[in-house]
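A.B. asks: Build me a model:
(chains A and B)
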Amino acid sequence: MINLDHVSFAYPEQGPSVNDVSFRVEDGEFVAILGANGAGKTTTVRLIDGLIRPTAGKVEINGTDTVTSSVSERARKVGFLFQNPDRQICKNTVREEILFGLQTVRGDEGEEALRARCEEVLKDFGFSGDEEPFSLSRGQRQRVALASILAVEPEILILDEPTTGLDYFECCHIMDRIRRMNEENRVTVIMVCHDMEVVLDYAKRALVMAGGHLLADGPVKEIFRDAALMEKASILAPQMISLSTRLGEGFEDADSPESVADAVLALRKGGARHA
Amino acid sequence: MHNLFQYVPGNSIIHRMNPITKIFLTIVICIAAFVSGNLLFLAGLLAVDLLIGFIAGIPEKTLTIFKGLLKIAIFLFVLQILLVRGGTPVFWIITDEGLLTAARVVLRLVIVCMPLALVLAVTRVTDLTNSLVQVLHVPYKYAFTLSTAIRFIPQFLEEMSGIMEAQTARGVAFDKAKGLKKFSMILPLCAPLLISSVRKTDLTAAAAEVRGFRLRTRQSGYKRYPFTILDLGAAAFCLLLLAAAILL
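C.D. replies: The predicted structure is shown next:
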């Protein structure tokens, strides 16, 4: 369980990036943090992992204040996937890269167990293990970074714009794997994302931020249907949600179409009724 | 730390000097520091460094640079007094010659490094490049290389900090390690830093090419860099410094 209690943070010589933010994330939730650039999303997730310390308020993970332990100690429980995979990758092969993460936080389990876990993860992610990470594509490198984090089996996974710059299929590859971890292993996921279609497809709850403040907190669909909120937070809702919202009455049978198929169905029903 | 080499806007007399004069002043301070071995003179040069920073209106930055150099200086000082064995023993294996050499080395290090950092804090990199091309007729290609290298320093520091943060989040104990242990942890991170640097350099080169980098000549810059009375004053001060260094 993650708890932020009246948390504020200001970078030196700048105004507050996060201002009096409070929310609670239960185990196994899939939460997306939304907002325009500079809204305070990345600062919030960095505060959760303790990469920066709050200037006011407190952040608790499973009831423990994050300032009482170090980030490296928390790495066993909290995995952080950064936007730029090249900052995480530091080994010559994918196998070494995954082993590096395992040895760092699960070194006490013995070499054999770690190697077995590494091979399991390699197979799961479709890598042979001998690939050179830096010669892979951007999407594949992001998958290597994700694999090395998931290998550790964290309880909480923080994703800072994990799909930025990836093509559709790479994006689905990564997000499907994260959803599996969330649904099967009850890993808590907190994701900062600018792609609202991804948020609609994968997250269950959304936190909307603007100017360092938390504007709204609720189920993703409800958040996206609030046109005034979307405008205030400078967010463009997913096209299907916008379509259903703008079509308005007469299309309420299709409770918020999420896909083209849903929209077609709603339009047909609505059209037939109007005819 | 990231902002240490970045330009601080201002209108002080140091800011208004010709960039070439500032480079000249820096070089003269460096030469003077190595010509004279007089500790009092070296201490005076250090005071000049600090004074330049204060006149430029960047006392905080000057002291930050000074404090940063002081850490390296203390390490070097200890190393010197332990390694230099000539002269009369003063205490344990420490000799008077060791102390003198250590003091000289440390003072010279700080004296030489400070103006180099201060020049970047009071001069826009573009002004530095353009004045090198216009006044000293340095080929633009080389001046651009220099300015790009300077501009990349804070970016590399930021990148390194980002890499360390990412590795800490993976469990590498950067947040707990200190000294040599921390240094040994940093070494493996040179690979991602090097790769990101090469990628960034490639991108910068491509961007410069598509913007007509090769077409640029000495006449391309519209801004001129005339020498003023301030520069004359600074030149006179440089001559005085050199003379004092030779005499002392």
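
A.B. asks: any idea how far the closest residue to chain A within chain B lies from A:V105?
C.D. replies: Scanning chain B for proximity to chain A using C-beta to the nearest C-beta identifies B:G171 as nearest, at 3.3 Å. For glycine as for every other residue, the C-beta is placed from the backbone atoms N, C-alpha and C. In this structure, B:G171 and A:V105 are 4 Å apart, going by C-beta to C-beta, to the nearest Å.

A.B. asks: where do the contact lists of those two overlap?
C.D. replies: Among the neighbours of B:G171, those also in contact with A:V105 (C-beta atoms under 8 Å, 6 or more residues apart in numbering or on different chains) are A:75-76, A:152.

A.B. asks: Who wins on neighbours among those?
C.D. replies: A:A75 (25 neighbours; other C-beta atoms under 10 Å in any protein chain shown).

A.B. asks: Need the per-residue pLDDT for that one.
C.D. replies: The model reports A:A75 with a pLDDT of 89.

A.B. asks: quick one on the thing from earlier: which of the shared contacts of B:G171 and A:V105 are close to chain B?
C.D. replies: A:75-76, A:152 (C-beta under 8 Å from any C-beta of the partner chain).

A.B. asks: As CSV, these with secondary structure would be great.
C.D. replies: Formatted as CSV, those follow (DSSP: H, G, I helix; E, B strand; the rest coil):
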residue, secondary structure
A:A75, coil
A:R76, coil
A:V152, coil
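
A.B. asks: if we can go back for a sec, please produce TSV containing the shared contacts of B:G171 and A:V105, extended by distance to A:R46.
C.D. replies: Formatted as TSV, the shared contacts of B:G171 and A:V105 follow (distance: C-beta to C-beta, whole Å):
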residue	distance to A:R46
A:A75	14
A:R76	19
A:V152	19
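
A.B. asks: quick check, nearest of those residues to chain B?
C.D. replies: Nearest to chain B among these, counting by C-beta to the nearest C-beta, is A:A75 at 3.3 Å.

A.B. asks: What segments of chain A are helices?
C.D. replies: A:41-49, A:71-74, A:94-106, A:111-125, A:138-150, A:168-185, A:196-202, A:220-225, A:227-232, A:239-247, A:260-274 (DSSP state H).

A.B. asks: Lowest average confidence across helices and strands of chain B, where is it?
C.D. replies: helix B:179-186 (a mean of 77; mean pLDDT, DSSP states H and E).

A.B. asks: Number of residues surrounding A:I174?
C.D. replies: By other C-beta under 10 Å, neighbour count at A:I174 equals 22.

A.B. asks: so what's it up against?
C.D. replies: A:139, A:142-143, A:146, A:162-163, A:166.

A.B. asks: Generate TSV for the residues you listed, with distance to chain B as supplementary columns.
C.D. replies: TSV is the format used below for the contacts of A:I174 (distance: C-beta to the nearest C-beta, whole Å):
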residue	distance to chain B
A:G139	16
A:Q142	13
A:R143	16
A:L146	12
A:P162	13
A:T163	17
A:L166	17
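
A.B. asks: which of the residues you listed has the weakest pLDDT?
C.D. replies: Among the contacts of A:I174, A:L166 has the lowest pLDDT, at 82.

A.B. asks: What sits closest to that residue if chain neighbours are left out?
C.D. replies: Among residues not flanking A:L166 along the chain, A:G139 sits closest, at 4.6 Å (C-beta to C-beta, 6 or more residues apart in numbering or on different chains).

A.B. asks: if we can go back for a sec, between the helices of chain A, which one is nearest to B:I153?
C.D. replies: B:I153 lies closest to helix A:41-49 among the helices of chain A, at 24.0 Å (C-beta to C-beta).

A.B. asks: Does anything pack onto the closest one? Which helices or strands?
C.D. replies: strand A:2-10, strand A:16-25, strand A:30-34, strand A:56-61, strand A:78-81, strand A:156-160, strand A:188-192 (3 or more C-beta pairs under 8 Å, 6 or more residues apart in numbering or on different chains; DSSP states H and E).

A.B. asks: want to try TSV for those, with mean neighbour count as columns?
C.D. replies: Formatted as TSV, the helices and strands packed on helix A:41-49 follow (neighbours: other C-beta atoms under 10 Å in any protein chain shown):
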stretch	mean neighbour count
strand A:2-10	19
strand A:16-25	18
strand A:30-34	24
strand A:56-61	18
strand A:78-81	26
strand A:156-160	23
strand A:188-192	24
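
A.B. asks: Specify the stretch among the ones you listed that is closest to chain B.
C.D. replies: strand A:78-81 (3.9 Å).

A.B. asks: Neighbouring strands of that closest one in the sheet, and parallel or not?
C.D. replies: The pairing partners recorded for strand A:78-81 under DSSP bridges are strand A:156-160 (parallel).

A.B. asks: list the buried ones in stretch A:128-141?
C.D. replies: By neighbour count with 16 or more other C-beta atoms under 10 Å in any protein chain shown, stretch A:128-141 contains the buried residues A:129, A:131, A:133-134, A:136, A:139-141.

A.B. asks: mind listing what the residue of chain B closest to chain A touches?
C.D. replies: Counted by C-beta under 8 Å, 6+ apart, B:G171 has contacts A:72, A:75-76, A:101, A:104-105, A:152.

A.B. asks: Need the nearest residue in space to it, chain neighbours excluded.
C.D. replies: According to C-beta to C-beta, 6+ apart, the nearest residue to B:G171 is A:A75 (3.3 Å).

A.B. asks: Could you report the separation of the one you found from B:A177?
C.D. replies: 14 Å.

A.B. asks: care to break chain B down by domain?
C.D. replies: Per automatic domain parsing, the structural domains of chain B span B:13-124+B:225-247, B:138-215.

A.B. asks: Perfect, I'm done here.
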